[in-house]
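J.: sequence first, predicted coordinates after that:
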Amino acid sequence: MKKINYVFILVTVFLTATLMYSHNTYAALGGNSASVEADRAHFNATKKSSVSKVGYSIQEIDAGSVTIREYVSTTSDLVFGIAWNGFRNPDLGILLGTYADEYTKVATQKAQIHGQKNSSSVKTSNITVEQWGHMRNLQGRAYMQSQLPEGVQSDEIK
């Protein structure tokens, strides 16, 4: 009869649960303001600025090669938009959170329009993701149209 190592099983379960939970703590679309710090840590970034606007705040972090701005509603404490610019695009799998699979599915189905290689726009039923630019100046934004605070227009996410 084999001896079961309960400590090993317990540690394995704990580490698995911790890793699963930590993946969801980033300030992705639909996340809360407290998770912005987790993004800063994930991207090994520094906090650049925090600006308050009517109905929302903008939390900006600098990861060296990319600057990320996260738009947080002051009433719902929800990250409703994200914008970036820099030498490279950020990991959208992290920033789009639970919407990443939805974005990837629609983006791969969408045909590339000839002559528009430097820009793309993907709109799903929940999010809009736009990317543009050229080498060393890549920009983009993602937002949830249905979650924009009252009076806030999507063109404010930049």
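T.: The structure has been received and is ready for your questions.
J.: list the contacts of residue 59.
T.: Contact partners of residue 59, counting by Cβ atoms under 8 Å, 6 or more residues apart in numbering, are 27, 33, 36, 47, 50, 69, 70, 72. Heads up, the C-betas are built off the backbone N, CA and C, glycines and all.
J.: go with 10 Å
T.: 27, 33, 36-37, 39-40, 47-51, 68-72, 79, 82 (Cβ atoms under 10 Å, 6 or more residues apart in numbering).
J.: so for the residue nearest the centre of the chain, what's the nearest residue that isn't a sequence neighbour?
T.: For the chain, the residue lying nearest the average C-alpha position, counting by Cα atoms, centre = their mean, turns out to be residue 95 (1.5 Å). Using Cβ to Cβ, 6 or more residues apart in numbering and skipping the chain neighbours, the partner closest in space to residue 95 is residue 82 (5.2 Å).
J.: equivalent analysis for residue 148, please.
T.: Leaving aside its chain neighbours, residue 148 sits nearest to residue 80 (5.8 Å; criterion: Cβ to Cβ, 6+ apart).
J.: so where's the protein uncertain?
T.: The chain contains residues with pLDDT under 70 at 1-27, 111-117.
J.: kindly recompute the last result at 50.
T.: Scanning the chain for pLDDT under 50 picks out 1, 5-25, 114.
J.: that one: strands as residue ranges?
T.: Using DSSP state E, the strands found in the chain span residues 46-53, 56-62, 66-73, 79-86, 119-123, 128-134, 137-143.
J.: now, of those, which is deepest in the fold?
T.: Across the strands of the chain, averaging neighbours per residue (mean count of other Cβ atoms under 10 Å) puts strand 79-86 on top, at a mean of 24.
J.: that one pairs with which strands, parallel or anti?
T.: Note on strand 79-86: by DSSP bridges, its sheet partners are strand 66-73 (antiparallel), strand 137-143 (antiparallel).
J.: now the ones you listed as a markdown table including distance to residue 101?
T.: Compiled in a markdown table, the strands paired with strand 79-86 are given as follows (distance: least, Cβ to Cβ, whole Å):
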| stretch | distance to residue 101 |
| --- | --- |
| strand 66-73 | 20 |
| strand 137-143 | 14 |
